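J.: Provided below are the primary sequence and the corresponding predicted coordinates.
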4 protein chains.
Amino acid sequence: MIIVLRPDATEEQINHIVDKVKKLGLNPYVSKGTERTIIGVIGPEDVLRVTPLEVFPGVEKVIPVLAPYKLVSREFKKENSVIDLGHGVKIGGKKVVVMAGPCAIESEGILRAIGLSVKKAGALVLRGGAFKPRTSPYSFQGLGEAGLKILKKVGAELGLVTVSEVMDTRDVEIVTNYVDVVQIGARNMQNFNLLKEVGLTKKPVVLKRGPAATVKELLMSAEYILSGGNFNVILCERGIRTFEDSTRNTLDISAVPVIKQLSHLPVIVDPSHAAGKWGLVGPLAKAGVAIGADGLLIEVHTSPEDALSDGAQSLIPSNFANLMYELKGLAKSVEREI
Amino acid sequence: MIIVLRPDATEEQINHIVDKVKKLGLNPYVSKGTERTIIGVIGPEDVLRVTPLEVFPGVEKVIPVLAPYKLVSREFKKENSVIDLGHGVKIGGKKVVVMAGPCAIESEGILRAIGLSVKKAGALVLRGGAFKPRTSPYSFQGLGEAGLKILKKVGAELGLVTVSEVMDTRDVEIVTNYVDVVQIGARNMQNFNLLKEVGLTKKPVVLKRGPAATVKELLMSAEYILSGGNFNVILCERGIRTFEDSTRNTLDISAVPVIKQLSHLPVIVDPSHAAGKWGLVGPLAKAGVAIGADGLLIEVHTSPEDALSDGAQSLIPSNFANLMYELKGLAKSVEREI
Amino acid sequence: MIIVLRPDATEEQINHIVDKVKKLGLNPYVSKGTERTIIGVIGPEDVLRVTPLEVFPGVEKVIPVLAPYKLVSREFKKENSVIDLGHGVKIGGKKVVVMAGPCAIESEGILRAIGLSVKKAGALVLRGGAFKPRTSPYSFQGLGEAGLKILKKVGAELGLVTVSEVMDTRDVEIVTNYVDVVQIGARNMQNFNLLKEVGLTKKPVVLKRGPAATVKELLMSAEYILSGGNFNVILCERGIRTFEDSTRNTLDISAVPVIKQLSHLPVIVDPSHAAGKWGLVGPLAKAGVAIGADGLLIEVHTSPEDALSDGAQSLIPSNFANLMYELKGLAKSVEREI
Amino acid sequence: MIIVLRPDATEEQINHIVDKVKKLGLNPYVSKGTERTIIGVIGPEDVLRVTPLEVFPGVEKVIPVLAPYKLVSREFKKENSVIDLGHGVKIGGKKVVVMAGPCAIESEGILRAIGLSVKKAGALVLRGGAFKPRTSPYSFQGLGEAGLKILKKVGAELGLVTVSEVMDTRDVEIVTNYVDVVQIGARNMQNFNLLKEVGLTKKPVVLKRGPAATVKELLMSAEYILSGGNFNVILCERGIRTFEDSTRNTLDISAVPVIKQLSHLPVIVDPSHAAGKWGLVGPLAKAGVAIGADGLLIEVHTSPEDALSDGAQSLIPSNFANLMYELKGLAKSVEREI
């Protein structure tokens, strides 16, 4: 940690800070420059991070040197984490894992039809929401446990891994009972109690980046889960909020290589929520595979016109199948497989 | 709702949409312009809002005409809502209600000292966090129920209304038992289950705007609470996330008059979280009062250097007292009272 | 154009608006819904666009139906524009055109060395700045005309198309005399006089998107150039400004397919300025090719440690050559060529 | 400047950096921490700022300690700058200077009528655009020199200071001949040649913040003008671009106190462009005065329905007069005058 002092900082103020740092068991090094005095602090930063040094008289700013996350970092673990999702599917290795299905589970028949089509096209994971976070209280809120039962049944029939969102700490047990992978939605990325709760399970977790969260904050949220004992975390870039309004969110494609540099965890891309329009899903999926994503999360519906949620961004099965065909060639060209 | 068709939309496509709209019980009006055909739909939009018209062949875009919120809107209720917080304190009228106290409750002694100072300066509500949403799992997470007990005790002693955050659906009962007003933090603005849960109580709720939420989304989240039966909602602007990095968040001061136009609910401003630096709290508080906020939420600590959370943005009691003195004159000049 | 009236709009107010619309030679259609009256206007919107209908009493909001750009739109021209850059290089067709070189031209020797290396690796266009927009007045501002002479000479020697930025209306003549393609930098995207000036030439123009500009605004700026008579415009996505700070800008990769839908103009991607870090340039370049960009603009320097501008984001020749090799395979997999 | 090394940085890499720093005439101090080695550099940072240390092998990141601006900073000049605008009007002192008038000058008659009304209400400066930066090439582009003549004439008649925008380096001489104060618009904040050109005059300059510019970048742009020899710079906050769409831009009201801390230059607020809606201009103007702005820039038009530019955000004279009355009381309560 570097403490930059104001040009008018007094000796007394400097000594007060030096004393505080020493009391915390750290070693301060004072350097007097031509324009500013700075104090470098050697030792574990965490103890200092919780001390509001900015309010000490004479301090201009405090600059952290180390990242605040530990377990998720590349420094903690050099090699890529490969996470076993069950049914022989692993994510984080050479295989790009495609997760596909409807936004919301509407009925067993519809889910089976969609599931069959995505399986045939090469998806390995079936997604489907039972608990739906909806902006409006008047929108369809999902089938709840009944939906999870359908998902479990259809997943088992088709031999697909299943993934579904959990929104409430009270539902973690129920959701983990039915699905192979739980998802934390973008709006809950900093629902810290929910993170702690899934951290206590061993279920693989897809953790979606919040629309206003930095990559570092995404990693801090993942740290909550890992620090609870669950290392099976898959990070998901799904677009951030910007001023641009031609897409629902702005897919921050750079986040994929940035996360790969900072962390050992797998990263997937959700082109459907980023774009908000089905016509952009294919191009964004290609960009995701080209840049090195370990997986894709894609909304597919047999009849988007009748979908109860997110119809506008859902691919129909034939478009999804074409996309998968194109992605296979593309993946090969970047030494991956789909 | 206005449906704008693509220039190459066929008669068949137009008829398909017209049929769909009629099936939903609405009246479509087709206007053929020189460059585009548009279909205006007369009738309640909500039934159409959940239908993904964007995916119908021939559609270029769909433009909603009506706002998606009802109960929170000025059209639903013309006059300002005045909410009774207990202890004779009402918010939404002429009085600007100042809520002050530490970010986190640390001990009974510290809270009492802070409470005494803010009461003396004119604050009517004592704030203090017991359940703390912290970015890092390694930071102080709050005292939990023990903290709430302290808050209740100190509040009763001093005759101050109390407010504290609830983060988890499982804690709503506990928190509402101890405090006069519950707070939903910015990160939980779209934790819809939590909104539903507080909607079932009658407790006044301070609902903070999420850092990436539009004003309209804030109103939609409030709609969740009102639609559950709880009309005692106070909206709080606390800064949004932007590219500017000289403040922690960018206080969207315009949100105050915008919300006043759209809704009957009271609006308060939190200058402490917006700025992230105590030196900016005073100026932002003044801007808030001048622009018509119904209240302020300000962090105060007797010893910011030792605060376990948010010390950098906390005012010391003497600065808070000076600020209150200045705010009183300012409030008078805009025909309010503090 | 759709004019949505306030719920309390009077007959008189409605008539006042209807009269105004008729006076402008357009046909208003009044529809009275259950909650709102709306007025649809049939006819060319442009005449209405300059009339501030929002201030007419009784108006709640005005919703444009048509895009404000004409010449740049897909409706104006259905097929992709292919632009001849000279030296047999065309952009907008199957070939993905790579433009590479140093941020700033520093000397003839350095530029020749870089030019040789990028040509060998497959670049077709040599970039190099002579007039440099620098945030600080104390930074290197470019060699000016002397730099352009070097660029022209080296380009001719190597048989490479040349591109360089023009920042000032007074320099348009000089720059167009020396280079094959002129570039309008991101900060000048809305320097309308500069746009008009290059619109009067026939030189191909690379128009970079401003960091706070929407795709629609980029198209409006291009419209300035086309409306002046110069249809040789190449749009460039180079990152927008967001809250994320792990990259210099956030590459809005979705802009490529969005622009392709809205416009016939070629689109290129600049991964160097978007990332601000050389380690991310390769991944972003791959995403750009995969998503359908018509070209790439990449900074290359033989000695980034000594570069006078943007060293941090420049690739060294060997890394650039490796990247080009990888991009060739990738391009093939999406039916393009490099 | 602080250079943070990667955990795997070698001795050789460290020595290479140390040598480079020494060659530049600076003193490096190497501190080996438990997790990272850092190199502190004592001496003027500017020489280092242009060296891309990020690309040196072994470097993780480079953290500047000092601000890159000099002449605009509080450290360069402790007391507030007071700038003489002519006609006895000074800005930067106790007086809050209100600048008002139409967006664009349309005719002598209209400008005189508006000028009379704003003078009567207490404005000291008459604004009016002659060269208009318009998003669309098909919009009204201003009267040019003919408009400036009108402005000069009306300003002289009414004894008002005049301000008008300059957009093009070629027009600086013409504009400065006619007006008392030149304005650099938001879109030209980083038109560095234009900044240099006005830096060579002695005219007071209103420099508007770009919609995607940080406060620090605004100060860097001002530095361009001051470093040219013109210290008469007035900074103007007019809203930044964010995701919020209920206002045209988001007024970053915090920028006022932030700039006051960092710089000695006067700061004004433009509520009209920030809001984009006349109904919000009054509330934002009040917030601006309350937070300490030295002036306001407000659009006023006698007939907004017919205004050729920005009618939606213009106040009519009676509303402006009411606002001025309210602002006078408010200014007094914060120890200022209008």
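T.: Alright, I've got the coordinates.

J.: which residue ranges of the stretch 1-150 of chain A form strands?
T.: Taking DSSP state E, counting those that start in this stretch as the criterion, the stretch 1-150 of chain A carries its strands at A:2-5, A:27-32, A:37-42, A:59-63, A:83-86, A:89-91, A:97-101, A:125-127.

J.: and those, which is most packed in?
T.: When you average the neighbours per residue for each of these (mean count of other CB atoms under 10 Å in any protein chain shown), strand A:125-127 leads with a mean of 29. Every C-beta, even on glycine, is put in place using the N, C-alpha and C of the backbone.

J.: for that one, which strands pair with it and how are they oriented?
T.: Paired neighbours of strand A:125-127 in the sheet (DSSP bridges): strand A:97-101 (parallel), strand A:161-165 (parallel).

J.: average model confidence for the last one?
T.: Per-residue pLDDT over strand A:161-165 has a mean of 98.

J.: same check, this time on stretch A:73-88
T.: Stretch A:73-88 shows a mean pLDDT of 95.

J.: again, but for stretch A:105-118
T.: Averaging pLDDT along stretch A:105-118 gives 97.

J.: ok, and what's touching that stretch?
T.: Residues outside stretch A:105-118 that contact it (CB atoms under 8 Å, 6 or more residues apart in numbering or on different chains) are A:98, A:100-102, A:126, A:128-130, A:142-143, A:147-148, A:150-151, A:153-155, A:157-158, A:160, A:164, A:300-303, A:307-308, A:317, A:320-321.

J.: and stretch A:169-183, by the same measure?
T.: Here stretch A:169-183 makes contact (CB under 8 Å, 6+ apart) with A:85-87, A:125, A:127, A:130-131, A:145, A:148-149, A:151-152, A:155, A:161-166, A:193-194, A:197-198, A:201, A:203-208, A:234, B:168-170, B:193.

J.: report the buried residues of stretch A:132-145.
T.: Residues of stretch A:132-145 classed as buried: A:Lys132, A:Pro133, A:Arg134, A:Thr135, A:Ser136, A:Pro137, A:Tyr138, A:Ser139, A:Gln141, A:Gly142, A:Leu143 (neighbour count, 16 or more other CB atoms under 10 Å in any protein chain shown).

J.: so what's the predicted local confidence for the residue in the stretch 151-300 of chain A that chain C sits nearest to?
T.: Closest contact between the stretch 151-300 of chain A and chain C, by CB to the nearest CB, is at A:Ala290 (3.5 Å). According to the prediction, A:Ala290 has pLDDT 98.

J.: element containing the closest residue to it other than its chain neighbours?
T.: Nearest non-adjacent residue to A:Ala290, counting by CB to CB, 6 or more residues apart in numbering or on different chains: C:Ala290, 3.5 Å away. Element membership of C:Ala290, judged by DSSP states H and E, is helix C:278-291.

J.: could you name the helices and strands sitting against that helix?
T.: The contact analysis (3 or more CB pairs under 8 Å, 6 or more residues apart in numbering or on different chains; DSSP states H and E) places helix C:278-291 against helix A:255-262, helix A:278-291, helix C:255-262, strand C:267-269, helix C:271-275, strand C:295-299, helix C:317-333.

J.: could you dump the longest one to CSV, C-alpha only?
T.: What that stands for is helix C:317-333. Extracted as CSV, the C-alpha positions of helix C:317-333 are listed here (Å, rounded to 0.1, in the frame of the first residue of the first chain):
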residue,chain,number,x,y,z
PRO,C,317,6.9,-7.3,-34.9
SER,C,318,7.3,-10.9,-33.9
ASN,C,319,4.1,-10.9,-31.9
PHE,C,320,2.3,-9.1,-34.7
ALA,C,321,3.5,-11.8,-37.2
ASN,C,322,2.3,-14.6,-34.9
LEU,C,323,-1.0,-12.9,-34.5
MET,C,324,-1.4,-12.5,-38.3
TYR,C,325,-0.7,-16.2,-38.7
GLU,C,326,-3.4,-17.1,-36.3
LEU,C,327,-5.8,-14.6,-37.8
LYS,C,328,-5.4,-16.1,-41.2
GLY,C,329,-6.8,-19.5,-40.0
LEU,C,330,-9.5,-17.8,-38.1
ALA,C,331,-10.6,-15.7,-41.0
LYS,C,332,-10.9,-18.8,-43.2
SER,C,333,-13.2,-20.4,-40.7
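
J.: quick one: distance of the lowest-mean-pLDDT helix or strand in chain A to the chain centre.
T.: None of the helices or strands of chain A scores lower by mean pLDDT, DSSP states H and E than helix A:46-49, at a mean of 70. Offset of helix A:46-49 from its chain centre (CA atoms, centre = their mean, to the nearest Å): 26 Å.

J.: what of stretch A:315-328?
T.: Centroid separation between stretch A:315-328 and its chain, computed with CA atoms, centre = their mean, is 24 Å.

J.: repeat that for stretch A:66-82.
T.: Centroid displacement of stretch A:66-82 relative to its chain, using CA atoms, centre = their mean, is 15 Å.

J.: where are the low-confidence patches of the stretch 201-338 of chain A?
T.: Along the stretch 201-338 of chain A, segments meeting pLDDT under 70 are nowhere present.

J.: within range of chain D, give me the residues from it.
T.: A:Arg241, A:Thr242, A:Phe243, A:Asp245 (CB under 8 Å from any CB of the partner chain).

J.: out of the residues you listed, which is most surrounded?
T.: Neighbour counts for these peak at A:Thr242, which has 27 neighbours (criterion: other CB atoms under 10 Å in any protein chain shown).

J.: next one: A:Arg187 from chain B, what distance?
T.: Using CB to the nearest CB, to the nearest Å, A:Arg187 is found at 4 Å from chain B.

J.: wait, that residue touches B:Arg187, no?
T.: No. A:Arg187 is beyond contact range of B:Arg187, at 9.0 Å (criterion: CB atoms under 8 Å).

J.: where does the stretch 51-200 of chain A get nearest to chain B, which residue?
T.: A:Pro52 (2.8 Å).

J.: ok, that residue - contacts?
T.: Neighbouring residues of A:Pro52 by CB under 8 Å, 6+ apart: B:Pro304, B:Glu305, B:Ala307, B:Asp310, B:Gly311, B:Ala312, B:Ser314.

J.: which single one of those residues is nearest to A:Lys120?
T.: Distance to A:Lys120 across the contacts of A:Pro52 (CB to CB) is lowest for B:Asp310, with 53.6 Å.

J.: for A:Arg336, what are phi and psi?
T.: phi -120, psi 180 (degrees, to the nearest 10).

J.: A:Arg238 against A:Ala274, yeah?
T.: Yes. Counting by CB under 8 Å, A:Ala274 is a contact partner of A:Arg238 at 5.5 Å.

J.: ok now stretch A:269-286, how far from the chain's centre?
T.: Mean-position distance between stretch A:269-286 and its chain equals 16 Å (CA atoms, centre = their mean).

J.: just the endpoints, please. Distance across it?
T.: End-to-end distance for stretch A:269-286: 10 Å, by CA to CA, to the nearest Å.

J.: ok, now which ones touch A:Glu165?
T.: A:Gly129, A:Ala130, A:Phe131, A:Lys132, A:Pro133, A:Val175, A:Val182, A:Gln183, A:Ile184, A:Gly185.

J.: which among those residues gets closest to B:Gly25?
T.: Looking across those and measuring by CB to CB, the closest to B:Gly25 is A:Lys132, at 24.5 Å.

J.: spatially nearest residue to that closest one (excluding sequence neighbours)?
T.: Distance criterion CB to CB, 6+ apart; nearest residue to A:Lys132, sequence neighbours excluded, is A:Gly142 at 3.7 Å.
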